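[1] The amino acid sequence is not available; the structure is as follows:
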């Protein structure tokens, strides 16, 4: 496989931790690449303990994974933008970004492959092209990479908080403050390892602003500074205002919406080749409009 190159723009983590977080690959796999001399900093092979200083040029040659049997079939996704390097998709609720342990029949990755879209292959085998993810029952816009260098560039933009991501969510009750920042650690729940909670784990920052206050719920705009699994959902539960319809983090069942009321409506990032800042929007889904009493004609 060809070498991947990146200029580290600020991280001061250990090289194995940094690559594992950016690429969402298990750290022990990254360490195997390092042990085989596949990772260089400023042209020199380093060990797994090397601590980044913030300005290094990183080059590495990924060890190719065994190709899995991905289920390839079309589904109701909309391509908002596509070129030779990346593809931007509007994902409906109910479809996973990529197959997981449940070996889902329908996924964004499977639909793109079905349509003949080439995806990068430096990530975990079941996640070709996947730079970032949104939950199965969260709708909205995501970007996938076609090229390995592009994948790494985009992944680094997310890790360095260069990308802009905005969500619209509907929470139960009324938040005390109209705007604020939630900064905690998020990790696996101590009793239920399938879900997450505010506990010892990874640093997580969510900015929020109430944009509409209804009778018994708030419509909130969220900006993610970090991208932890279930981050917004966990943070809203932490504030005792879980998202409406969230079957995992709320004890209240909605009569109107059957999934968490969360929509990724905006994504902005620098194109890895042209360096032009691209902006993409996704309209609110029909079920959230129904919840707000704003059903389209």
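    That came through, no problem. What you see is a predicted model, and the numbers here were worked out from it, not measured in a lab.
[2] I figured residue 38 hits residue 48, correct?
    No - contact criterion Cβ atoms under 8 Å: residue 38 and residue 48 do not qualify, at 11.8 Å. C-beta: built from backbone N, CA, C; applies to glycine.
[3] Only the buried residues of the lengthiest strand in the chain, if you could.
    In terms of residue count, the longest strand belonging to the chain (DSSP state E) is strand 202-213. Buried residues in strand 202-213, counted by 16 or more other Cβ atoms under 10 Å: 204, 205, 206, 208, 210.
[4] now stretch 52-65
    So for stretch 52-65, counting by 16+ other Cβ under 10 Å, buried means 52, 56, 58, 60, 62.
[5] Kindly reformat those residues as a markdown table and extend each row with secondary structure.
    Putting those into a markdown table (DSSP: H, G, I helix; E, B strand; the rest coil) gives the following:
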| residue | secondary structure |
| --- | --- |
| 52 | coil |
| 56 | coil |
| 58 | strand |
| 60 | strand |
| 62 | coil |
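[6] Lowest-confidence member of the residues you listed, which is it?
    The member of the buried residues of stretch 52-65 with the lowest pLDDT is residue 62, at 68.
[7] circling back to that earlier point, nearest to residue 137, of the buried residues of strand 202-213?
    Closest approach to residue 137 among the buried residues of strand 202-213 (Cβ to Cβ): residue 206, at 18.3 Å.
[8] what's near enough to touch that closest one?
    Counting by Cβ atoms under 8 Å, 6 or more residues apart in numbering, residue 206 touches 181, 182, 183, 222, 223, 224, 225, 226, 231, 232, 235.
[9] got it, and residue 271?
    85, 86, 277, 278.
[10] thought residue 49 was touching residue 17?
    No - applying Cβ under 8 Å, one finds residue 49 not in contact with residue 17, separated by 10.3 Å.
[11] more neighbours, these two?
    residue 17 (15 against 9; other Cβ atoms under 10 Å).
[12] Going by residue numbers, what spans are strands in the protein?
    4-7, 39-41, 44-45, 57-60, 78-82, 86-91, 139-145, 164-172, 179-188, 196-198, 202-213, 217-224, 262-270, 277-281.
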